[in-house]
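Colleague: A structural model of the following input is requested.
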Amino acid sequence: MKQKSVAVIGGGISGIAVAHYLREKGIRVQIIEAEDRLGGRMATASLRGRGIALGGKNIGVKYSLFREFTKSMGDHPFEYFGLNSSRIRNGKIVTFDEKKRWRGMLEFAKSFSLRDLVRMIPMIRAVKADRIKDGYLGSPFFQSWQRKTKDAKLASVFRKNLVEQFIRPMTVRMNGAEPAEASVGNFGSNLSVAFDTYEQLSNGLDPLFERFSSLVPVRLNTSLESLIVREGRVVGIKVLQEKRLEDLYFDHVVLTTPASVSASLLRNHFPELSGTLEQVRYFPVAVVVAEYAKPVFNEKVRALVFPSDKPLSNAGVYGVNDRHIVRYTFSGKSARDILSGQPSLEDLVALGERTLSEFIPFRENPRVSFTGKVMKLGLCAYAFDYERFRRDFDFQSSAIQGLELTGDYLRGASIEACFRAAKECVDGLQISDARIQNGKEEEKALAASY
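Modeller: Reported below is the predicted structural model:
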């Protein structure tokens, strides 16, 4: 018996995670990626020869699955970054720093109503008590809130002050969604990210991805044109590489692309599942990283969150010791019209500088260089009624042989949530241990023959 083979469509963090877990099980795997590098929305760009992560650079201390992955890839040390965020309140900058976490929480709580605190405290307790159960999409605690609340949008569950000061920075930064667009049933995935401590890979993401690609076959610059389906079973893929179409056959295909991309690939053969995936919303985001001659931020203030009337949602230092490198993030409703107009990176960095300088003046600090990217499907805002979505998704996808799906829409948009969803996907893959063992024995026999 030949060793079973799996094609993983998409080289973002979900695709990397799926391929990693398949490889651990001894299954032959190949990644198909349309871009010229691995990473997807976590892919790096160059800033004067330095690799700069445009997404996912901050790694939570509680990201256990991702940290197990980095450890399995060799020596990839972490360094402290922390959680530091400032907001504008009554024209003044108010800073929340994890080193003074409870003092900061008390400062913010002063402006919140009693009703808000009564609702928020049990939510925080639920996530902190059991992060695995209630810190990801599908949380029983938050789904019960979804069911019992008539209008389950966060903006209607909490009052304006709490929404603007505490909730919006989380939903806009993580999902690109305004609180009036975000479901209370999905809020656990935001709180679990907020109540963590963060580090960065000391050498960046590139060495990690390079090591991974040395272990798993990857076809870059290769786009998936369609699935090959025979008698209702997915048996392969039709790909386009260097203007040449090619049919590739596999025992299983795993789609790790954004839900809307997967929906378009499934539309002709599996319209019901395609329609379910179309319920998942994505919002655009642009990230621009600029280097300046002198520090822009200071040791106390390392990031600034902007109000809803600004297209710039966040600006902050790239690293604790990189206060001269600023990361501008454009997301939220005010940014969508600008991002839909295909702005240049130069226009965006200029807009970011004008907005930031209203609160932190740095006009006499010349810009040295910049890089960045505009991502139309940058931030996943999930399905609004996740409980119903997941029920339909599981039922419809389980009926399709030879196909699995996973991604940021199943457990959450954080790196750890993508790894968790990928592991669940691979653990449920219907390839028996006997077939895997036969594949391993065949590999040994072939090696001995050489």
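
Colleague: please make it C-alpha for all contacts and neighbour counts, starting now.
Modeller: Fine.

Colleague: now do the same contact list for the residue lying closest to Leu405 once chain neighbours are set aside.
Modeller: Distances taken as C-alpha to C-alpha, 6 or more residues apart in numbering put Leu255 closest to Leu405, at 4.8 Å, once the chain neighbours are dropped. Residues near Leu255 by C-alpha atoms under 8 Å, 6 or more residues apart in numbering: Val8, Ile9, Gly10, Ser262, Leu403, Glu404, Leu405, Thr406.

Colleague: for Gly185, see how far away Leu255 is.
Modeller: Applying C-alpha to C-alpha, to the nearest Å, the value for Leu255 to Gly185 is 25 Å.

Colleague: repeat for Pro311
Modeller: In terms of C-alpha to C-alpha, Pro311 sits 26 Å off from Gly185.

Colleague: comparing those two, which residue is more hemmed in?
Modeller: Gly185 (26 against 23; other C-alpha atoms under 10 Å).

Colleague: I figured the more buried one hits Phe142, correct?
Modeller: Yes: using C-alpha atoms under 8 Å, Gly185 is in contact with Phe142, at 4.6 Å.

Colleague: can you give me the domain assignment for this structure?
Modeller: 5-53+204-280+384-449, 84-194, 281-381 (automatic domain parsing).

Colleague: and the ones you listed as JSON lines, adding mean pLDDT and distance to Ile59?
Modeller: Listed next are those as JSON lines, based on pLDDT from 0 to 100; distance: least, C-alpha to C-alpha, whole Å:
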{"stretch": "domain 5-53+204-280+384-449", "mean pLDDT": "90", "distance to Ile59": "8"}
{"stretch": "domain 84-194", "mean pLDDT": "86", "distance to Ile59": "10"}
{"stretch": "domain 281-381", "mean pLDDT": "93", "distance to Ile59": "12"}
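
Colleague: regarding this structure, what is its longest strand?
Modeller: Once the chain is assigned using DSSP state E, the strand that runs over the most residues is strand 367-382.

Colleague: what is it packed up against?
Modeller: strand 44-47, helix 168-175, strand 281-292, helix 333-340, helix 345-357 (3 or more C-alpha pairs under 8 Å, 6 or more residues apart in numbering; DSSP states H and E).

Colleague: what's the spacing between that strand and its chain's center?
Modeller: Relative to its parent chain, strand 367-382 has a centroid offset of 12 Å by C-alpha atoms, centre = their mean, to the nearest Å.

Colleague: that one pairs with which strands, parallel or anti?
Modeller: Partner strands for strand 367-382, per DSSP bridges, with pairing direction: strand 281-292 (antiparallel).

Colleague: show me where the stretch 151-300 of the chain has its strands.
Modeller: 198-201, 218-219, 222-230, 233-241, 244-249, 252-255, 281-292 (DSSP state E, counting those that start in this stretch).

Colleague: mind giving me JSON lines with these and columns for distance to Leu83?
Modeller: Compiled in JSON lines, the strands of the stretch 151-300 of the chain are given as follows (distance: least, C-alpha to C-alpha, whole Å):
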{"stretch": "strand 198-201", "distance to Leu83": "6"}
{"stretch": "strand 218-219", "distance to Leu83": "35"}
{"stretch": "strand 222-230", "distance to Leu83": "38"}
{"stretch": "strand 233-241", "distance to Leu83": "42"}
{"stretch": "strand 244-249", "distance to Leu83": "45"}
{"stretch": "strand 252-255", "distance to Leu83": "33"}
{"stretch": "strand 281-292", "distance to Leu83": "19"}
